[in-house]
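Trainee: any chance you could fold what I've pasted below:
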Amino acid sequence: MFSDLRFFLKQALLEPKQTSSLVPSSRALAAAMAAHVGPASGPVIEFGPGTGIITEAILNRGVTPSNLTLFEMNPAFAATLATRFPGTTIHTAGAQNAPNLMPHAAGAVVSGLPLLSMPRDLRREIIAAAFQVMRPDGIFIQFTYGHNAPLSVEGLNTLGLIAKKARKVWANFPPAQVYILKRAKI
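Mentor: Got it, this is the predicted structure:
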């Protein structure tokens, strides 16, 4: 755990725009995020896996490595993920590129991206990309450190989505709120 923290801090200092946090997610937050997926989810995509704490929780929920695709822009994180999670598919690319890199059949997208710190248009582009690669009943799982959903009401309406609070995770620094986004009409 300490080596993961040291590695994370190093990447946060070297690539602050790609990391945007000084501490990785807690195991409690990872478990809360992964609680919404399992073998019945079919293919699962993770945006921004970082050191892989949420990735590990997803796999612990029964998602097979062959059913897990990771999008990680930081090449150092991507290389570490490839070593830690053999059998997963890893794209060293931005999440918004997902529709060009994979089939459109995922049951869920789990995102550790700092969406609320991104420009509004990029945030919408990333969430729209997630829904392009998911089945009609797919869900987008996101956490935030603030009180707001990852998209404004206007942004949700524009994309035809709804957001629901799933769980507040106090055992994280800072505490985090997990949201589930899905299509308003299936």
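
Trainee: rest of the way, CA atoms for contacts and neighbours
Mentor: Fine.

Trainee: immediately after the least confident helix or strand in the chain by mean pLDDT, which helix or strand?
Mentor: Across the helices and strands of the chain, the lowest-confidence element by mean pLDDT, DSSP states H and E is helix 16-19, at a mean of 45. Next helix or strand after helix 16-19 toward the C-terminus (DSSP states H and E): helix 27-34.

Trainee: so which bits of that following helix are buried?
Mentor: 28-34 (16 or more other Cα atoms under 10 Å).

Trainee: now tabulate the residues you listed in a markdown table and tack on pLDDT and distance to I45.
Mentor: Below are these laid out as a markdown table (pLDDT from 0 to 100; distance: Cα to Cα, whole Å):
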| residue | pLDDT | distance to I45 |
| --- | --- | --- |
| A28 | 97 | 20 |
| L29 | 97 | 17 |
| A30 | 97 | 14 |
| A31 | 98 | 16 |
| A32 | 98 | 16 |
| M33 | 98 | 12 |
| A34 | 98 | 11 |
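
Trainee: can you put these in JSON lines and add distance to T83?
Mentor: Formatted as JSON lines, the buried residues of helix 27-34 follow (distance: Cα to Cα, whole Å):
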{"residue": "A28", "distance to T83": "23"}
{"residue": "L29", "distance to T83": "23"}
{"residue": "A30", "distance to T83": "20"}
{"residue": "A31", "distance to T83": "22"}
{"residue": "A32", "distance to T83": "24"}
{"residue": "M33", "distance to T83": "23"}
{"residue": "A34", "distance to T83": "21"}
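
Trainee: of all those residues, which comes closest to S152?
Mentor: M33 (20.8 Å; Cα to Cα).

Trainee: hang on, that closest one packs against I139?
Mentor: No - checked against Cα atoms under 8 Å, the pair M33 and I139 is beyond contact range at 11.6 Å.
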